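Student: got a predicted structure here, sequence first:
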Amino acid sequence: MDISTTYLGMKLRSPIVASASPIMEHVDSIKRLEDAGVGAVVLYSLFEEQIRREREALYYYLTHGTESFAEALTYFPEPVTFHAKPDEYLEHIRRVKASVNIPVIASLNGATIGGWTQFAKKMQDAGADALELNVYNIPTDMDMTGMEVEQMYINILAAVKSAVNIPVAIKLSPYFSNMANMAKRLDHAGADALVLFNRFYQPDIDLDALEVKPNVILSNPQALRLPLRWIAILYGKVKANLAATSGVHTGEDVLKVMMVGANVAMMTSAILRNGIDHVRQVEKDMVDWMDRHEYVSIEQMRGSMSQVNSADPAAFERAQYMRTLTTYKPTI
């Protein structure tokens, strides 16, 4: 049974990819993920704010008061020679690469174009096999148009692509007025893969403290429906690889996203909820199903249920919405 796949130009033994989570902070955990059978790992994200904050803090402490003695500036090394948190991330890449044989994908999380894009080159130099660009932006400027928001994504991708030679995937939210057109534009801008979709964590209110608090909710299997639909629609229409993320919990989930055209199925919540060994069960269930249905490879099924290959292409569009509402019979 050949369950291998290709993603970002790399041959993976399995389409199951462990995506960014706190598990990725520990080399031993990543080694266990490799032993469990994942095809690749995406490291936890380095945030644009971390890079900017460290740079600003270092600059302040190295230059504060030196205006009194101009020659004092020569007593200190340049800020770039100091080791801060971003440098710890680079060292983490090196340690992971030295410990595992599976591809290691670094992750940058940002919302603007800035010096953080230059850090992508350092990730490459540290040994990252590829880069996942996680653009997490919630536009709140009432004068910012949808066109400007979309162009920001294109500009960020172009800036990162110009800084590195390794493949670059971009992780997107689904909140565009025309997701199909946005995917096409990113594809033309050079995205090597589209990761669908980013989940925006919504804030909550602490009624006792009367303050806004973060609220992390792990995904459920129903969350798979959104990436499932859009991967099915985009398969065969863009050159970029397609990665499903959010809602991948079981072997059946992996099979479904492969059939609509995904190259990989990214898993986080299921591993956090069930443990690293859950990956073994997911693969076993996937292989058992393929054996019963006489599939010999992942490639054989990939895209077979996509919109372009579907006997009912409209099932992924408005017609399915109408059919769902008109056929539903409540039990009351």
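Tutor: Looks like it came in fine.
Student: avg pLDDT for stretch 49-69?
Tutor: Stretch 49-69 comes out with an average pLDDT of 49.
Student: and A270, what is it in contact with?
Tutor: V248, H249, T250, H278, V282 (CB atoms under 8 Å, 6 or more residues apart in numbering). Any C-beta I mention is one placed from the backbone N, CA and C, and that applies to glycine too.
Student: how about a cut-off of 6 Å?
Tutor: H249, H278 (CB atoms under 6 Å, 6 or more residues apart in numbering).
Student: for P174, same thing?
Tutor: By CB under 6 Å, 6+ apart, the contact set of P174 is F197, L226.
Student: now it. Its backbone dihedrals?
Tutor: Main-chain torsions, P174, degrees, to the nearest 10: phi -90, psi 0.
Student: contacting residues for the most centrally placed residue in the chain?
Tutor: The residue lying closest to the centre of the chain (CA atoms, centre = their mean) is K171, at 4.7 Å. Shown in contact with K171 (CB under 6 Å, 6+ apart): E132, N134, V195, N198.
Student: what's the answer for R302, then?
Tutor: Going by CB under 6 Å, 6+ apart, R302 touches M258.
Student: and the host helix or strand of M266, what does it pack onto?
Tutor: Taking DSSP states H and E as the definition, M266 sits inside strand 264-267. Helices and strands touching strand 264-267, by 3 or more CB pairs under 6 Å, 6 or more residues apart in numbering; DSSP states H and E, are strand 16-18, strand 241-245.
Student: let's see that with 8 Å instead.
Tutor: Contact partners of strand 264-267 among helices and strands, from 3 or more CB pairs under 8 Å, 6 or more residues apart in numbering; DSSP states H and E: strand 16-18, strand 241-245, helix 251-260.
Student: next structured bit after that strand?
Tutor: Per DSSP H and E, the first helix or strand lying C-terminal to strand 264-267 is helix 269-274.
Student: show me where pLDDT drops low in the stretch 201-332 of the chain?
Tutor: The stretch 201-332 of the chain contains residues with pLDDT under 70 at 201, 314, 317-326, 328.
Student: give me that answer again for 90
Tutor: By pLDDT under 90, the low-scoring segments of the stretch 201-332 of the chain are 201-206, 208-221, 308-332.
Student: now do the strands in it.
Tutor: 204-206, 211-213, 241-245, 264-267 (DSSP state E, counting those that start in this stretch).
Student: got JSON lines for those, with distance to P313 and mean neighbour count too?
Tutor: Converted to JSON lines, these look like this (distance: least, CB to CB, whole Å; neighbours: other CB atoms under 10 Å):
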{"stretch": "strand 204-206", "distance to P313": "40", "mean neighbour count": "11"}
{"stretch": "strand 211-213", "distance to P313": "43", "mean neighbour count": "9"}
{"stretch": "strand 241-245", "distance to P313": "17", "mean neighbour count": "27"}
{"stretch": "strand 264-267", "distance to P313": "23", "mean neighbour count": "29"}
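Student: adding distance to G110 as columns, could you present these in a markdown table?
Tutor: Shown next, in a markdown table, are the strands of the stretch 201-332 of the chain (distance: least, CB to CB, whole Å):
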| stretch | distance to G110 |
| --- | --- |
| strand 204-206 | 24 |
| strand 211-213 | 22 |
| strand 241-245 | 18 |
| strand 264-267 | 19 |
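Student: I154: which of the ones you listed is closest?
Tutor: strand 241-245 (18.4 Å; CB to CB).
Student: just the C-alphas of that closest one, formatted as CSV.
Tutor: Extracted as CSV, the C-alpha positions of strand 241-245 are listed here (Å, rounded to 0.1, in the frame of the first residue of the first chain):
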residue,chain,number,x,y,z
ASN,A,241,-0.4,22.3,-3.7
LEU,A,242,-3.4,22.2,-1.4
ALA,A,243,-3.3,21.4,2.3
ALA,A,244,-6.4,20.7,4.4
THR,A,245,-6.3,22.0,8.0
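Student: what packs against it?
Tutor: Judged by 3+ CB pairs under 8 Å, 6+ apart, the packing partners of strand 241-245 are strand 5-7, strand 168-172, strand 193-196, helix 225-234, strand 264-267.
Student: hey, which of those is tucked in deepest?
Tutor: Among those, strand 264-267 has the highest mean neighbour count (mean count of other CB atoms under 10 Å), at a mean of 29.
Student: distance from the chain centre to that one, please.
Tutor: Averaged C-alpha coordinates place strand 264-267 at 9 Å from its chain's average position (CA atoms, centre = their mean, to the nearest Å).
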